[in-house]
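> this one's sequence-less:
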């Protein structure tokens, strides 16, 4: 960890307490708060990183951080992608393509030891075949007593080993002191009490660092509004401001799907990009055209139970 952390920081860990999306009623209000949070994060942290999944939320955060970095003459942070070995193929291709366009480095956080024990999702992994660190995570931290567990992201043990452990190892390896994350208040009850700057200083759980949350104040609809109003027109040359495609075939002349900083899976009806084995489409049309306000965004992700999410967050997940 960066020497002297967190003594060199001057951030308000209570900023955002008892607030919600309604405290930022317009898209401009939300974007202003986002930019201010990004600026403070870049000013305060010596070695920050951006969590990037290739999804809409983290891509909006990455866009905002990069824009602020360019405007202020600061170095763009490294992006960290948790590669849990069960991504949609389109997600990984999207990340590779846009990493080059953003001009950023991407660190792929992987738990290679777990992946080496299975050939395909669903295979049973013997706990005793794991290395010492992973065995300790399973037995001591999770209190898991079974002899095997499935190689699935959408399970308690699999999620912890493939995502949380991989993330914590990456934060320690890279000596990250601040992590820009794309979580939102409205996304889950487990995240509803987060603040814009959130400490993670318990050394027995994870490498000490802070979480930085520039888009807490966004609802799902607002993320898409910002994507089509700001992100796409600013990054795609010749894209007409105000055009929101009604399908993958409704793109401006000269613009291809691969030109967009929007995963093609969203055009297929997915509203959340979890794992290829555990995520289903939210509807027939593109994500932004679906009924977002009265349906659950992450209903298509099998592992998404509130009690599970809270346990994983206590162990260091986002």
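Thanks, I have it. No experiment lies behind these values; they were computed from the predicted model shown.

> number of nearby residues for residue 26?
In terms of burial, residue 26 registers 9 neighbours under the definition other C-beta atoms under 10 Å. Backbone N, C-alpha and C define where each C-beta goes, glycine included.

> Tell me the spacing between it and residue 229.
Residue 26 sits 12 Å away from residue 229 when distances are taken as C-beta to C-beta, to the nearest Å.

> Residue 39 too?
20 Å.

> For the chain, which segments count as helices?
When secondary structure is read from DSSP state H, the chain shows helices at 27-44, 56-72, 89-102, 112-115, 132-136, 156-159, 166-174, 220-226, 232-235, 264-267, 306-314.

> and the ones you listed as a markdown table, adding distance to residue 286, mean pLDDT and mean neighbour count?
Rendered in a markdown table, the data for the helices of the chain read as follows (distance: least, C-beta to C-beta, whole Å; pLDDT from 0 to 100; neighbours: other C-beta atoms under 10 Å):
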| stretch | distance to residue 286 | mean pLDDT | mean neighbour count |
| --- | --- | --- | --- |
| helix 27-44 | 19 | 98 | 19 |
| helix 56-72 | 11 | 98 | 21 |
| helix 89-102 | 14 | 97 | 16 |
| helix 112-115 | 32 | 98 | 18 |
| helix 132-136 | 39 | 98 | 13 |
| helix 156-159 | 28 | 93 | 22 |
| helix 166-174 | 30 | 97 | 19 |
| helix 220-226 | 9 | 98 | 21 |
| helix 232-235 | 13 | 98 | 17 |
| helix 264-267 | 5 | 96 | 20 |
| helix 306-314 | 26 | 61 | 15 |
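
> With distance to residue 124 added, can I get those in JSON lines?
Formatted as JSON lines, the helices of the chain follow (distance: least, C-beta to C-beta, whole Å):
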{"stretch": "helix 27-44", "distance to residue 124": "41"}
{"stretch": "helix 56-72", "distance to residue 124": "31"}
{"stretch": "helix 89-102", "distance to residue 124": "24"}
{"stretch": "helix 112-115", "distance to residue 124": "12"}
{"stretch": "helix 132-136", "distance to residue 124": "15"}
{"stretch": "helix 156-159", "distance to residue 124": "11"}
{"stretch": "helix 166-174", "distance to residue 124": "20"}
{"stretch": "helix 220-226", "distance to residue 124": "36"}
{"stretch": "helix 232-235", "distance to residue 124": "43"}
{"stretch": "helix 264-267", "distance to residue 124": "29"}
{"stretch": "helix 306-314", "distance to residue 124": "20"}
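
> List just the one of those helices that sits closest to residue 202.
Within those, the stretch nearest residue 202 is helix 306-314; the backing value is 9.7 Å (C-beta to C-beta).

> Nearest to residue 206 among the helices of the chain would be which one?
Residue 206 sits nearest to helix 166-174 of all these, at 4.7 Å, using C-beta to C-beta.

> Listing request: residues of the stretch 201-318 of the chain with sub-threshold pLDDT.
Filtered on pLDDT under 70, the stretch 201-318 of the chain yields the residue ranges 298-318.

> what do you get if the cut-off is 90, keeping everything else the same?
Within the stretch 201-318 of the chain, the ranges that satisfy pLDDT under 90 run 203-205, 241, 274-284, 293-318.

> how about the strands in it?
Using DSSP state E, counting those that start in this stretch, the strands of the stretch 201-318 of the chain run over residues 209-212.

> for residue 112, what are its contacts?
Contacts of residue 112 were listed using C-beta atoms under 8 Å, 6 or more residues apart in numbering, and none were found.

> Roughly how far does it sit from residue 4?
From residue 112 over to residue 4 (counting by C-beta to C-beta), the distance is 32 Å.

> And the contacts of stretch 228-235?
Contacts of stretch 228-235 from elsewhere in the structure, counted by C-beta under 8 Å, 6+ apart, are 27, 31, 59-60, 63, 67, 101, 239-244, 260-262, 288.

> same thing but at 7 Å, please
60, 63, 239, 241, 244, 260, 261, 262 (C-beta atoms under 7 Å, 6 or more residues apart in numbering).

> What subset of those residues is buried?
60, 63, 239, 260, 261, 262 (16 or more other C-beta atoms under 10 Å).

> Do I have it right that the fourth one meets residue 239?
In other words, residue 260. No - under the criterion of C-beta atoms under 7 Å, residue 260 lies out of contact with residue 239, with a separation of 8.3 Å.

> circling back to that earlier point, could you say which one of the helices of the chain comes nearest to residue 197?
Nearest to residue 197 among those is helix 27-44 (7.6 Å), distances taken as C-beta to C-beta.

> tilt between that closest one and helix 56-72?
Here helix 27-44 points in a direction 60 degrees away from that of helix 56-72 (axes from the mean of the first three to the mean of the last three C-alpha atoms, to 10 degrees).

> Run the chain-centre distance for helix 27-44.
With C-alpha atoms, centre = their mean, to the nearest Å as the basis, the distance from the averaged C-alpha position of helix 27-44 to the chain average is 17 Å.

> All set now, cheers.
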